[in-house]
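**Q** Here is a sequence together with a model predicted from it:
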Amino acid sequence: MKRLLRWVGIGLGALLGLLVIALAVIYALSQRTLNQRYPVPQTTIDVPGDAAAIAAGQRLATISGCYASCHGRRAEGAVLFDEPIIGRLVAPNLTASVRKYSDVELANIIRHGLRPDGRSVIVMPSEAFVFLRDADLGRIMAFLRSLPPSEGPGPSVALGPLARLGLATGQYKTAAQLIAETVPLPVAANPDALSGRYLAQTVCAHCHGTDLRGRTTPAYSSPNLQIVAAYSPETFARLMRTGVPLGGQKLGLMREEAQLNLALLTDAEIASLYSYLHTLPDAPPRQPT
Ligand code: HEC
């Protein structure tokens, strides 16, 4: 009996040892991904200061989800995720960020997902913002800089074992990794679809993936936008403005996104998005990861 207990003890000890080693390996691999440094571009963005540009920036920031979305209703920051096993993630207070970073630094974080020291951000959809035109990025930054400081949840990112496992195995990617594997969207088939392609690339791609084929994250699952083939121009406009889909069912994140953000799209922008998405060809096959 004593001997049996001894063997059980040794077995449990060995298992515990293996678990500790596995966790240490996952931690080290994920940390290596997070600490990877990339060359930081020195793009100069012209940030206008006039009222018209700031107003245009507010509309663009809202449509593209910098404002009234992930970073909180007034850009004061918001808790995106808080689950011990996966992790805690707070989208930072942008009214504080704009006071901390220069224009070049801010532009690099938004458009290239790179902090001043060259490390990538995570979760921030820079793989979509990488396509933002200079003039639009300048207006968005002008608007963010015009906001008064406001109080929000303090910055805090604590990755749990599942998030680290995802990063270590490449299932979750940093913004820089996602940018590196972005493939260009199919070209617009006609001039009417040009601004729709730009919006799909810079806005819809946040949640539907840069190839618009939908994606599944711990927070939501979104469909392939070829689904728009089934919509008429009217039902698509209703979805964009009110979040009510073709079938009339109550959507989750998409409903909120439509009501708080996409509703600011103009009729012409919605028509162009429809023109682009209605006949969206198949994307090239996904690269194995
Ligand atoms: C903040 C994330 C987010 C953004 C940005 C976003 N979507 Fe979605 N979308 C979703 C999710 C998630 C769903 C799945 C339904 C749900 O959970 O709400 C969805 C569903 C849809 C659907 C399917 C509706 C149905 O028939 O069931 C369409 C079409 C769609 N989105 C179009 C768009 C277009 C076009 C854009 C850009 C202008 C866009 N979405 C931007 C998250 C987003």
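**A** Yep, it's here.
**Q** For the stretch 101-250 of the chain, what lies in contact range of the ligand?
**A** 199, 203-204, 206-208, 220, 222-223, 225, 227-228, 239, 245-246 (Cβ under 6 Å from any ligand atom). Any C-beta I mention is one placed from the backbone N, CA and C, and that applies to glycine too.
**Q** by contact count, what packs against the longest helix seen in the chain?
**A** Among the elements of type helix in the chain, defined by DSSP state H, the one spanning the most residues is helix 2-35. Under the contact criterion of 3 or more Cβ pairs under 8 Å, 6 or more residues apart in numbering; DSSP states H and E, the helices and strands touching helix 2-35 comprise helix 161-169.
**Q** Kindly format the C-alpha coordinates of the helix or strand L277 falls within as CSV.
**A** Counting by DSSP states H and E, the element that carries L277 is helix 267-278. As requested, C-alpha coordinates have been extracted for helix 267-278 and formatted as CSV (Å, rounded to 0.1, in the frame of the first residue of the first chain):
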residue,chain,number,x,y,z
ASP,A,267,-26.7,57.2,-48.8
ALA,A,268,-24.0,57.4,-51.6
GLU,A,269,-21.5,55.4,-49.4
ILE,A,270,-24.1,52.7,-48.6
ALA,A,271,-25.0,52.5,-52.3
SER,A,272,-21.3,52.1,-53.2
LEU,A,273,-20.7,49.5,-50.5
TYR,A,274,-23.7,47.6,-51.8
SER,A,275,-22.4,47.8,-55.4
TYR,A,276,-19.0,46.4,-54.2
LEU,A,277,-20.3,43.7,-51.9
HIS,A,278,-23.3,42.5,-53.9
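**Q** Can you give me the neighbour number for the residue in the stretch 1-150 of the chain positioned nearest to the ligand?
**A** Relative to the ligand, the nearest point of the stretch 1-150 of the chain is G65 (5.8 Å; Cβ to the nearest ligand atom). Around G65 there are 20 other residues, counting by other Cβ atoms under 10 Å.
**Q** tell me the SS of it?
**A** For G65, the secondary structure call by DSSP: H, G, I helix; E, B strand; the rest coil comes out as coil.
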